[in-house]
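# I need the structure of the sequence given here:
(one chain, ligands or ions: 3)
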Amino acid sequence: MTQYTSTNDEKESALQREYMTRAARYVERLGRELGRRPACCVVTFGCQMNARDSEKLEGILTGIGYEAVEREEDADFVIYNTCTVRDNANQRVYGRLGYLHSLKDRKPHMKIALCGCMMQEEAVVEKIRKSYRFVDLIFGTHNLFKFAELLVAMFENRETITDIWQETDQIVEELPVSRKYPYKSGVNIMFGCDNFCSYCIVPYVRGRERSRDPREILREIERLVDDGVVEVMLLGQNVNSYGRNLDRPMSFAQLLKEVEQIDGLKRIRFMTSHPKDLSDELIEVMSRSDKICRHLHLPLQAGSDRILQAMNRRYTKAQYLALTEKLRAAMPDLAITTDLIVGFPGETPEDVDETIDVVRRVRFDNAFTFLYSRRTGTPAASMENQVPAEVMREGFDRLLKVVQDTAKERAALLQGRVEEALVEEVNEQDGTLLTGRLSNNMLVHFPGDGSMVGRLADVSLDECHGFYYTGHMIRKADAPLGKTVDGNG
Ligand code: SAH
Ligand code: SF4
Ligand code: F3S
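Ligands and ions are numbered 1, 2, ... in the order given. Down below sits the predicted model:
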């Protein structure tokens, strides 16, 4: 199997910036025809990595003159950045495409584009080209950096532009990004996945694992901090295997140590961790750090050894339990969250009991529980003993109940304590309240004014309401940060 390392392709980014200048002329012309600034709408499905990709898409679109809007109805260009990890993600895209068609019927100049993981599946692209012919542009995950060039092709052609790559070794930096939040940002540290869990389509649609050069990562974070960011989320499908294939290999824990040194950066999060690769070195770096948040997302998937093996997860129930015990011993405050799948081929109610047993023992702070979804091309899809829907449902409901009970128990533990929160927004329902995120990833609502957004505060967690707290501010924990806060108070 080919292993790729990171190469920052400066020539390519210069070329794409030229295409942006060309695309801007078409947007300008459209603006003259419409008598207003054309609007774009980027809709994201799926995970944090897709969310980060969408910020890149929007960066290009606003860079060539579009105004970003929230609703498809108000847009002249709509792009869906799709996910295919479970079938319901695909169904949502098809459903919304029908609606887009009706919008385009009323607004013929409207352009529609599709990209992301779903487009890496041949059958999907065939179906769209046949039954959704009003789509103007289709591309995949490997050539997202060509977006400006593809837009030019779209403006210069009447028929659908389709460009899907099977793989890439290019990592193109230095293109514009439009960040959703001024004070926090995702940062890709690696792309793709080599784990091939037998149920999962991600390795097929995101390609082989490639780590970004640590210098590029650090430079990006430094720039973000200069621009007002206080919290970063390091992103990868399996961050614990970061750096193995670099020309000069380094571990994820080593990368974290370097990120920690960045002045002005207050909080570091990362996701996702694969249990098989979580090292003692990482536990040590985390437990010594006052910047790395007390939250670890550690997908378990299943508790039965037989199912774990069939899933190709490469750890046992006992190993997972030992790992979480070690983590909690090193960091008693650590919130551990997880992903669980019910209904993998061959899974019996007794196997689900094993998953429930792990949930009871670890007492996860939160867990995303999924019904197994058969993904074409994965090994599990052709396994014979697929579980009937009603059996899946029964196991799912049983598991969910335990997950909710243990999560509630865990949440109540912090009640009455004073914890640091990063103020994320003014509460939507009640403008006198702020919403802050705790180090452990839970939310707290407390009275305060909008000038606190993007800043840290010590908050007393007065009452736990299951999945969030209400409280009051004890003290503003920091001086104004970065350029994006106004420095009030
Ligand atoms: N790289 C991450 C997860 C990426 S996908 C990891 O390995 O932990 C996010 C979650 O979707 C997975 O953890 C898994 O629980 C779920 N998932 C993936 N494929 C699925 C499938 N075919 N059916 C149901 N859930 C699935
Ligand atoms: Fe999918 Fe497994 Fe890779 Fe996660 S580690 S993306 S579940 S193959
Ligand atoms: Fe979905 Fe692709 Fe992420 S399949 S979960 S958007 S990597």
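
# for the chain, which residues are neighbours of ligand 3?
G46, C47, M49, N50, C83, T84, V85, C117, V202, V205, R206 (C-beta under 6 Å from any ligand atom). C-beta: built from backbone N, CA, C; applies to glycine.

# list just the nearest of those residues to G466.
C47 (24.8 Å; C-beta to C-beta).

# name the nearest residue to that closest one, ignoring sequence neighbours.
Nearest residue to C47, sequence neighbours excluded (C-beta to C-beta, 6 or more residues apart in numbering): C83, at 6.9 Å.

# need the contact list for that neighbour.
Listed by C-beta atoms under 8 Å, 6 or more residues apart in numbering, the contact set of C83 reads F45, G46, C47, N50, A89, G116, C117, M118.

# and those residues, which two are the farthest apart?
C47 and M118 (13.0 Å).

# higher neighbour count, the two?
Using other C-beta atoms under 10 Å, the more surrounded residue of C47 and M118 is M118, with 27 against 17.

# identify the residue nearest that one in space, chain neighbours excluded?
Closest to M118 by C-beta to C-beta, 6+ apart is T82, at 3.7 Å.

# list the contacts of that neighbour.
F45, G46, N50, A89, N90, V93, L114, C115, G116, C117, M118, M119.

# just the helices in the stretch 251-400 of the chain please.
Secondary structure of the stretch 251-400 of the chain by DSSP state H, counting those that start in this stretch: the helices cover 252-260, 280-288, 305-310, 317-330, 349-362, 389-412.

# which elements pack onto the fifth one?
It stands for helix 349-362. helix 305-310, helix 317-330, strand 335-342, helix 389-412 (3 or more C-beta pairs under 8 Å, 6 or more residues apart in numbering; DSSP states H and E).

# centre of the chain versus that helix, how much separation?
Centre-to-centre, helix 349-362 and its host chain are 27 Å apart (C-alpha atoms, centre = their mean, to the nearest Å).

# who touches it?
Contacts for helix 349-362 (C-beta under 8 Å, 6+ apart): 300, 302-307, 317, 320-321, 324, 336, 338, 340, 342, 367, 391, 394-395, 398-399, 402-403, 406.

# could you pick out the buried ones from those?
Buried members of the contacts of helix 349-362, scored by 16 or more other C-beta atoms under 10 Å, are 300, 302-305, 307, 317, 320-321, 324, 336, 338, 340, 342, 367, 395, 398-399, 402-403, 406.

# how about the helices in the stretch 1-150 of the chain?
Under DSSP H, counting those that start in this stretch, the stretch 1-150 of the chain gives helices at 10-34, 48-63, 87-106, 122-131, 147-156.

# low pLDDT regions in the protein?
1-8, 478-489 (pLDDT under 70).

# grab the nearest non-local neighbour of the residue in the stretch 101-250 of the chain that ligand 3 sits nearest to.
Closest residue of the stretch 101-250 of the chain to ligand 3, C-beta to the nearest ligand atom: C117 (3.3 Å). Leaving aside its sequence neighbours, C117 sits nearest to V205 (C-beta to C-beta, 6+ apart; 4.2 Å).

# with V359 instead?
The nearest residue in space to V359 (C-beta to C-beta, 6+ apart) is V402, at 5.1 Å.

# please tell me how far F155 sits from ligand 2.
35 Å (C-beta to the nearest ligand atom, to the nearest Å).

# who are the contact partners of the closest residue to that residue other than its chain neighbours?
Once flanking residues are discounted, F155 sits nearest to Y26: 4.0 Å by C-beta to C-beta, 6+ apart. Y26 makes contacts with L151, V152, F155, as judged by C-beta under 8 Å, 6+ apart.

# please repeat the previous calculation with a cut-off of 10 Å.
Contacts for Y26 (C-beta atoms under 10 Å, 6 or more residues apart in numbering) come out as P38, I64, G65, K111, L151, V152, M154, F155, E156.

# for those, which PyMOL command selects only the ones that are buried?
To isolate the buried ones among the contacts of Y26 in PyMOL, judged by 16+ other C-beta under 10 Å, type:
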select buried, resi 38+64+65+111+151+152+154+155
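
# reformat the contacts of Y26 as TSV; add distance to P332.
Putting those into TSV (distance: C-beta to C-beta, whole Å) gives the following:
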residue	distance to P332
P38	54
I64	51
G65	52
K111	53
L151	51
V152	55
M154	54
F155	57
E156	61
